[in-house]
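In: coords below, sequence missing:
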C-alpha cells in the first residue's frame, strides 16, 4: 500500500518512444496520490522528454553507459539517491541491471515486472501477461494499480507533453525560422531501430512538394544519424522544384528546412508543437507528436501499431496490408520493402486531408 505522501523514483526506459509511453504512469500516480513527489532517473538523451511531463518534479540523468555493469558506480549512485528518502521505485526496463540501483538504495517498495529473473531485487514483482496487456503503455500504467488488477480496471490516459514556448521561440530565432502565416508540416524521416521502419526518401520528397505547393513550409526534424536520409529528401525536392526566376513561374514556394542534427531533443519537441501536421515513421518523434496533440500521420511497415500505436485522437495510421508485415526486422528480410515502398505519397496525403 502506497503511503499518502510517497516519494517516488521511476527508473526510466532508454528509448524515447517508451519514455513518452511512460507518461500515463506518472499521471495515474499523481491522480491516485495527489501529494506524491515523482522523480525520474533517465538516460540523458531521454531527459528532455521527462522535463516536459506535467507531474515530474525532477529528472536525474543516468550517467551510466549502456552495456557495462559498473558495479561500484551503481552503488555510488544508489548512495546519493538513498539520501532523498524515496519510498517507492517503479522499474520500467525489464533488465536485471536496471533494478540494481533501487535495491542498493534500499528503497522500501520496488515495483516492476519480473523480467530477467529479478526476484531478489524487486519486492512487488509483477508477472507480465502480454495477452492481457498487448500495448506497452498499458503495461506501464498497470504498475500504478495493485498486482491483481485486470485490464478492465486499468484506465490508461493519453500521454501528454507540455512544450516550452520560450524554448520554441529561441530555437526558431537561432535557426532563422520565420514566424509567418504559412502552416508548418513537420516530417520525421528517421527511425532508430533500422531502415525497415523508414518510408523511402523519395516518397517524403514527393509529399513535401505537394504540401509546399499548397503553401506549407516543411521542416525535417531528427537526429544527426538521419542526415543521409534528409540529404536525399532535400536533393529530390530541389531537383523537382522550378527555378523561382524562371519565366512564367510567379509562385515563390515556402521553404524546406532541414533541421536534422541542428537541435537537441528538447528543442525538437518544442518545434514539433508548432506544426499543423506531422508525418512520421514509427519512432520516438512519432510518439512525441501524438503526446503534443498535433495532427499526425504515422507510417507503419515492419512494425505493428498494436504494441506501440500513436496514442492521440488526432493521429491516423498509414499502412498497407501485406502478408509479411509486420515482420519486426531491422531490414526487409525479403528485400522487396513493399510495406513502405507501396505505401504511396498519395495514400499518405489522403490521411492528411482527413485530418483537416
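Out: Structure's in. What do you need? Since we're looking at a predicted model, the values are computed, not measured. Numbering: from 1, shown residues only.
In: where does the stretch 1-150 of the chain have low pLDDT?
Out: Counting by pLDDT under 70, the stretch 1-150 of the chain contains low-confidence ranges at 1-4.
In: contacts only, for residue 345.
Out: 203, 206-207, 210 (Cβ atoms under 8 Å, 6 or more residues apart in numbering). For the C-beta atoms, the positions are set from N, CA and C on the backbone; glycine is no exception.
In: got the contact list for residue 71?
Out: Going by Cβ under 8 Å, 6+ apart, residue 71 touches no other residue.
In: hmm, try it at 10 Å
Out: The neighbours of residue 71, taking Cβ atoms under 10 Å, 6 or more residues apart in numbering as the test, are 97, 100, 104.
In: check which helix or strand the nearest residue to the last one once chain neighbours are set aside maps to.
Out: It stands for residue 104. Of all residues not flanking residue 104 in the chain, residue 78 sits nearest, at 3.3 Å (Cβ to Cβ, 6 or more residues apart in numbering). Here residue 78, judged by DSSP states H and E, is contained in helix 71-82.
In: please report how far residue 216 lies from residue 187.
Out: Counting by Cβ to Cβ, to the nearest Å, the gap between residue 216 and residue 187 amounts to 11 Å.
In: one step back: going on from the helix holding residue 78, what's the next piece of helix or strand?
Out: Helix 71-82 is succeeded, C-terminally, by strand 88-91 (DSSP H and E).
In: after that following strand, next one along is what?
Out: Moving toward the C-terminus from strand 88-91, the next helix or strand (DSSP H and E) is helix 100-104.
In: buried stuff in that following helix?
Out: Buried residues in helix 100-104, counted by 16 or more other Cβ atoms under 10 Å: 100-104.
In: turn the residues you listed into TSV, including distance to residue 337.
Out: Below are the buried residues of helix 100-104 laid out as TSV (distance: Cβ to Cβ, whole Å):
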residue	distance to residue 337
100	41
101	41
102	43
103	45
104	46
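In: tell me where the model's unsure across the stretch 201-350 of the chain.
Out: Low-confidence segments of the stretch 201-350 of the chain (pLDDT under 70): 242-254, 327-328, 330, 332-336.
In: tell me which residues of stretch 312-326 come out buried.
Out: 312, 315-316, 318-319, 325-326.
In: from the residues you listed, which two are the most distant?
Out: Farthest-apart pair in the buried residues of stretch 312-326 is 312 and 325; separation 22.5 Å (Cβ to Cβ).
In: from residue 222, how far out is the closest residue to residue 192 other than its chain neighbours?
Out: Spatial nearest neighbour of residue 192, chain neighbours left out: residue 283 (6.6 Å); criterion: Cβ to Cβ, 6+ apart. The spacing between residue 283 and residue 222, counted by Cβ to Cβ, is 8 Å.
In: rewinding a little: closest one to residue 260 out of the contacts of residue 71, please.
Out: The closest of these, once distances to residue 260 are taken by Cβ to Cβ, is residue 97, at 31.8 Å.
In: I'd say the closest one and residue 104 touch.
Out: No: contact between residue 97 and residue 104 fails when scored by Cβ atoms under 10 Å: they sit 11.4 Å apart.
In: now residue 312. Its backbone dihedrals?
Out: Main-chain torsions, residue 312, degrees, to the nearest 10: phi -160, psi 140.
In: next: the one 4 residues further on.
Out: With angles defined as degrees, to the nearest 10, residue 316 sits at phi -130, psi 140.
In: can you name the residues that contact it?
Out: Per Cβ under 10 Å, 6+ apart, neighbours of residue 316: 295-298, 310, 348, 350-352, 354-355.
In: I'd like the distance between it and residue 263.
Out: For residue 316, the distance to residue 263 (Cβ to Cβ) stands at 26 Å.
In: residue ranges for the strands of the stretch 1-150 of the chain, please.
Out: For the stretch 1-150 of the chain, applying DSSP state E, counting those that start in this stretch gives strands covering 7-11, 37-43, 58-62, 88-91, 109-113, 124-126.
In: do the stretch 251-356 of the chain as well
Out: Going by DSSP E, counting those that start in this stretch, the stretch 251-356 of the chain shows strands at 256-258, 277-281, 296-299, 315-318.
In: now those strands in TSV, with distance to residue 10?
Out: Shown next, in TSV, are those (distance: least, Cβ to Cβ, whole Å):
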stretch	distance to residue 10
strand 256-258	35
strand 277-281	25
strand 296-299	26
strand 315-318	25
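In: now do the contacts for the residue nearest to residue 58 when sequence neighbours are not counted.
Out: Nearest residue to residue 58, sequence neighbours excluded (Cβ to Cβ, 6+ apart): residue 39, at 4.6 Å. Each residue near residue 39 by Cβ under 10 Å, 6+ apart is listed here: 7-10, 50, 56-60, 81, 84, 86, 89.
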